[in-house]
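*Asks:* based on what follows, work out the 3D shape:
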Amino acid sequence: MKNAILLIAAIIFTIQASAQDTLTRTNGDQISCHIIRIGHRRIEYKLEDEQSTAMHIISKKYIANIRYENGKKTVFHEVLIDDNDPEGRWDKTSMSRRGREDANQHYRGYRGAAAGTFWTCVLATPLLGLIPAIGTSSHAPKAIALNSPDPELMKNEEYKKAYEKEARRKKTRAVWGAWVGGFFVSTAITIVIIVL
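*Replies:* This is a model prediction of the structure:
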């Protein structure tokens, strides 16, 4: 009887010692670890196979879910593998995020529309400046002006949609910012002329 109790205790101890949490990244990779802390923006964990007390930190935006040792699961981002990627490297969430990031970094096609709006406000009137502001901000950027860093990525539907949407938003902000700037410069010039 005593041997049976020791055997059961040893089995329970072994199961508890090998129990672990599993982080699933948005790209599908899994990390066996012990979750130490889940913060507002990041997760702290210790790798299962490490003997040291080294802590690792990862942003929540890169984590799809956590499956805890007790079987419970917390989902942060849904992972949907892209059907156009046979290697399964990119999920739809990652492709959308990368499209937005690339548009913010590489799209510069708004400069002509913003400059035209600004100078129309300054040289004519802010009222006339509304014409190019409304006209250019109501149209999506042309494909040739998108300046995507990787034409292969533009073949991915999620990436392309996110890139184009972010480029349009960037263009709209720039055009209306130029109109506001042109309005203030035009107003300042008018005040100076009246005062003199």
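
*Asks:* can you tell me the SS state at the closest residue in space to residue 130 that isn't next to it in sequence?
*Replies:* Nearest non-adjacent residue to residue 130, counting by C-beta to C-beta, 6 or more residues apart in numbering: residue 179, 7.1 Å away. Using the backbone N, CA and C atoms, a C-beta is placed for each residue, glycine as well. Each residue gets one of three states, and residue 179 gets helix by DSSP: H, G, I helix; E, B strand; the rest coil.

*Asks:* over to residue 70?
*Replies:* Under three-state DSSP, residue 70 comes out as coil.

*Asks:* list the buried residues in the longest strand along the chain.
*Replies:* Using DSSP state E, we find that the single longest strand of the chain is strand 30-38. Using 16 or more other C-beta atoms under 10 Å as the test for burial, strand 30-38 gives 31, 33, 35.

*Asks:* pull the residues that contact that strand.
*Replies:* For strand 30-38, contacts defined as C-beta atoms under 8 Å, 6 or more residues apart in numbering pick out 20-25, 43-49, 55-56, 60, 66, 68, 74.

*Asks:* report the buried members of the residues you listed.
*Replies:* 20, 21, 22, 23, 24, 25, 43, 45, 46, 66.

*Asks:* now do the last one against residue 148, distance only.
*Replies:* Summarising the geometry, the distance separating residue 66 from residue 148, computed by C-beta to C-beta, to the nearest Å, is 34 Å.

*Asks:* next secondary structure after the helix or strand encompassing residue 65?
*Replies:* Using DSSP states H and E, residue 65 sits within strand 63-67. Per DSSP H and E, the first helix or strand lying C-terminal to strand 63-67 is strand 73-75.

*Asks:* quick one: the helices in the protein, in order.
*Replies:* 2-18, 92-106, 111-123, 126-137, 157-195 (DSSP state H).

*Asks:* what residues sit buried inside the second one?
*Replies:* If you call a residue buried by 16+ other C-beta under 10 Å, then helix 92-106 has these buried ones: 92, 93, 94, 95, 96, 97, 98, 99, 100, 102, 103.

*Asks:* what do you get for the shortest one?
*Replies:* Judged by neighbour count using 16+ other C-beta under 10 Å, the buried positions of helix 126-137 are 126, 129, 132, 133, 136, 137.

*Asks:* show me what it is in contact with.
*Replies:* 113, 116-118, 120-121, 171-172, 175-176, 178-179, 182-183, 186-187.

*Asks:* repeat the analysis, applying 7 Å as the threshold.
*Replies:* By C-beta atoms under 7 Å, 6 or more residues apart in numbering, the list of residues contacting helix 126-137 from outside reads 113, 116-117, 120-121, 171-172, 175-176, 179, 182-183, 186.

*Asks:* tell me the angle of it relative to helix 157-195?
*Replies:* If you take axes from the mean of the first three to the mean of the last three C-alpha atoms, to 10 degrees, helix 126-137 sits at 170 degrees to helix 157-195.
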